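Student: Prediction below, plus the sequence it came from.
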Protein chains: 2
Amino acid sequence: MTAASIAKDLRAAIRSGTYKPGDRLPSEAALMSNYGVARMTARHGLSMLKDEGLTVTRHGSGVFVRAFEPIVRDTTGGKADESTVTAEVDETSAGLAVRTLAVTAEADPPEKVRTALGLAEGDKVTVRERLHLRERKPVLFATSYLPASIAAGTPIAEQQVGPGGTHARLTEAGHAPVRFREDVVGRMPTIEEIEELRIEPGTPVLAVTRTAFTQDGTPVEVSHVVLDAGEFMLRYDID
Amino acid sequence: MTAASIAKDLRAAIRSGTYKPGDRLPSEAALMSNYGVARMTARHGLSMLKDEGLTVTRHGSGVFVRAFEPIVRDTTGGKADESTVTAEVDETSAGLAVRTLAVTAEADPPEKVRTALGLAEGDKVTVRERLHLRERKPVLFATSYLPASIAAGTPIAEQQVGPGGTHARLTEAGHAPVRFREDVVGRMPTIEEIEELRIEPGTPVLAVTRTAFTQDGTPVEVSHVVLDAGEFMLRYDID
């Protein structure tokens, strides 16, 4: 009996519902006894399922079938500033706590951001970095870039952006964002993202580039949003 | 020198642009010589990068920095039937070849599909399964379910659905789909998906559940679409 065969059996049992989301899988000791294999073989079989994202390990209590109970990130429906988890509210949003990590009033933009915002060489951006947490677990990291010509000297460049977030401030300043483009990719997390978002093994991230435009098509904000794919479902309603 | 240290060096060199997308990384032999390590250590260092999705192996020619040149799946813009890669065209769409794998005129729906389509116990669905290929590599697998009460007996239940695809046929039959909901998750592929889509190690899939509604809000199609995340970027334009 190989580790791959053990993994195959357990995988089939998870698929068929013998082990349901949240259920504990047999321990290494149980697998050793059931299959007559060495501990390393049992361990390797279990680790294969973990790398596939099918299970999670809770230290001290065992290996469990992963439950996917996603936060629904509903971009298009409802009141944008409340339902959009990228909104700059320093309170709860979609049940998530938001922590503003850093605000930089004037910085040099990355080249791609400069292009996306239609800025000239040497133009500065205001940068806001924030983390969203679900029950204390970080689940989303977002970096927003706005032209400093618009944002510097306003509450957007301060730690506390105020009620309604960045979009409310932009609207007050005559730069109401009314159209959004989201480009979504799925990929494995970087080492830094694994640490920052405490991502489980076998879990990708969703990386969203969100651009906000005013009525006349001027881009006023570019956000890079990295979401723990084990925690989110993105919902788009399209007419 | 450990495999992890070698991986760290190479990762940093990829990040900094020393090795660009498409470049070949040093061979196992070169790493053995440069770092004074055994072949297994060099090999393990390289395989760590592969598991992270940073590199791809081309057999016989080495390990290369992965290039991400995604197909942009633009759901909302342009002419839906041509630009939407879930459209049922049996020809090229967004540069992709489409192969209809199976069409079943009447089948029992999975429970979730039955609920999503608002069908009663015992109601049947028409099922269309298809594969999209980019330069002969499968990149997307889609299964569409439609109420058999609408689709059976029409070209939707035949191998060749005709010009404009399923949506054109639905429109002709008075069930024009005008609103769509897409729910997007990122996850690791199943063993079957790895085989079906020939997915590289360290590559997640994007799984999209797309529901089409008529003007009065009746769901007329539910599609499960699995995309190789190494091949796609999903684009949403939101008003």
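Tutor: Arrived safely, thanks for sending.

Student: And what about A:Glu121, helix, strand or coil?
Tutor: Following DSSP: H, G, I helix; E, B strand; the rest coil, the label given to A:Glu121 is coil.

Student: quick one: it and chain B, what's the gap?
Tutor: Plainly put, A:Glu121 is 20 Å away from chain B if you go by Cβ to the nearest Cβ, to the nearest Å. Placement of C-beta: from N, CA and C, glycine included.

Student: What number of residues are in the vicinity of that residue?
Tutor: Counted with other Cβ atoms under 10 Å in any protein chain shown, the neighbours of A:Glu121 add up to 5.

Student: who's in contact with it?
Tutor: Going by Cβ atoms under 8 Å, 6 or more residues apart in numbering or on different chains, A:Glu121 touches A:Arg114.

Student: With the one 4 residues further on instead?
Tutor: Taking Cβ under 8 Å, 6+ apart as the criterion, A:Val125 is in contact with A:106-109, A:113-114, A:117, A:119, A:145-148, A:151.

Student: Just the buried residues of those residues.
Tutor: A:109, A:113-114, A:117, A:119, A:145-148, A:151 (16 or more other Cβ atoms under 10 Å in any protein chain shown).

Student: now, which of these lie within helices?
Tutor: The members of those that map onto helices under DSSP state H are A:113-114, A:148, A:151.

Student: just the helices in chain A please.
Tutor: Using DSSP H, helices in chain A cover A:3-16, A:28-35, A:39-51, A:80-83, A:111-116, A:148-151, A:165-172, A:191-196.

Student: Which of those helices sits closest to A:Arg136?
Tutor: helix A:191-196 (14.1 Å; Cβ to Cβ).

Student: Distance from that closest one to the middle of the chain?
Tutor: 12 Å (Cα atoms, centre = their mean, to the nearest Å).

Student: Kindly format the C-alpha coordinates of that helix as CSV.
Tutor: Extracted in CSV, the C-alpha atoms of helix A:191-196 (Å, rounded to 0.1, in the frame of the first residue of the first chain):
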residue,chain,number,x,y,z
ILE,A,191,5.8,33.4,0.4
GLU,A,192,5.0,36.9,1.7
GLU,A,193,1.3,36.4,1.0
ILE,A,194,1.3,33.1,2.8
GLU,A,195,2.6,34.8,5.9
GLU,A,196,0.5,38.0,5.6
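
Student: For that helix, buried residues please.
Tutor: In helix A:191-196, counting by 16+ other Cβ under 10 Å, buried: A:193-194, A:196.

Student: so who does A:Ser5 touch?
Tutor: A:Gly45.

Student: Tell me how many other residues crowd the closest residue to A:Pro204 other than its chain neighbours.
Tutor: With sequence-adjacent residues excluded and distances taken as Cβ to Cβ, 6 or more residues apart in numbering or on different chains, A:Pro204 is closest to B:Pro204, at 3.5 Å. Neighbourhood size, B:Pro204 [other Cβ under 10 Å]: 27.

Student: I'd assumed A:Ala229 was in contact with B:Pro204.
Tutor: Yes: taking contacts as Cβ atoms under 8 Å, B:Pro204 lies within contact range of A:Ala229: 7.0 Å.

Student: one step back: for the buried ones among the contacts of A:Val125, work out which two are farthest apart.
Tutor: A:Arg114 and A:Ala151 (14.8 Å).

Student: picking up where we left off before, just put the buried residues of helix A:191-196 in TSV and tack on pLDDT and distance to A:Val184.
Tutor: Shown next, in TSV, are the buried residues of helix A:191-196 (pLDDT from 0 to 100; distance: Cβ to Cβ, whole Å):
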residue	pLDDT	distance to A:Val184
A:Glu193	94	16
A:Ile194	94	20
A:Glu196	94	19
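
Student: what's the closest of those residues to chain B?
Tutor: Checking those against chain B by Cβ to the nearest Cβ gives A:Ile194 as the nearest, at 9.6 Å.

Student: OK, contacts around the closest one?
Tutor: So A:Ile194 contacts nothing (Cβ under 8 Å, 6+ apart).

Student: low-scoring stretches of chain A, by residue?
Tutor: Applying pLDDT under 70 to chain A flags the ranges A:76-94.

Student: Residues of it that sit close to chain B?
Tutor: The interface of chain A toward chain B, taken as Cβ under 8 Å from any Cβ of the partner chain, is made up of A:11, A:51-53, A:68, A:70, A:72, A:75-76, A:178-188, A:190-191, A:202-206, A:229-230, A:232-239.

Student: Just to check, A:Gly186 is in contact with B:Ala229?
Tutor: Yes: A:Gly186 is within contact range of B:Ala229, at 3.5 Å (criterion: Cβ under 8 Å).

Student: Return every residue with contacts to both of these two.
Tutor: Shared contacts of A:Gly186 and B:Ala229, counting by Cβ under 8 Å, 6+ apart, come down to A:204, B:186, B:204-206.

Student: Now render these as a markdown table, adding distance to B:Thr41.
Tutor: Shown next, in a markdown table, are the shared contacts of A:Gly186 and B:Ala229 (distance: Cβ to Cβ, whole Å):
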| residue | distance to B:Thr41 |
| --- | --- |
| A:Pro204 | 27 |
| B:Gly186 | 32 |
| B:Pro204 | 28 |
| B:Val205 | 32 |
| B:Leu206 | 35 |
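
Student: which of those residues lies closest to A:Arg169?
Tutor: Taking these together and measuring to A:Arg169 by Cβ to Cβ, the closest member is B:Gly186, at 31.5 Å.

Student: Now do the contacts for the closest one.
Tutor: B:Gly186 sits in contact with A:186, A:204-206, A:229, B:204-207, B:229, where contact means Cβ under 8 Å, 6+ apart.

Student: Which of those fall in strands?
Tutor: Using DSSP state E, the subset of the contacts of B:Gly186 located in strands is A:186, A:205-206, B:205-207.

Student: quick one: which two of these are the most distant?
Tutor: A:Val205 and B:Ala207 (14.6 Å).

Student: Between those two, which is the more surrounded one?
Tutor: A:Val205 (27 against 19).

Student: Quick one: residues contacting the more buried one.
Tutor: A:186-189, A:193, A:197, A:199, A:226-229, B:186.

Student: Top of those residues by number of neighbours, please.
Tutor: A:Ala229 (30 neighbours).

Student: Quickly list what the residue nearest to that residue when sequence neighbours are not counted is bridged to.
Tutor: Of all residues not flanking A:Ala229 in the chain, B:Gly186 sits nearest, at 3.4 Å (Cβ to Cβ, 6+ apart). Beta bridges link B:Gly186 to B:Leu206 when assigned by DSSP bridges.

Student: separation between B:Gly186 and A:Val222?
Tutor: Counting by Cβ to Cβ, to the nearest Å, the separation of B:Gly186 from A:Val222 is 21 Å.

Student: A:Ser16 now?
Tutor: In terms of Cβ to Cβ, A:Ser16 sits 45 Å off from A:Val222.

Student: Neighbour count: the two, which is higher?
Tutor: Under the neighbour definition other Cβ under 10 Å, A:Ser16 and A:Val222 were set side by side, and A:Val222 has more, 24 against 8.
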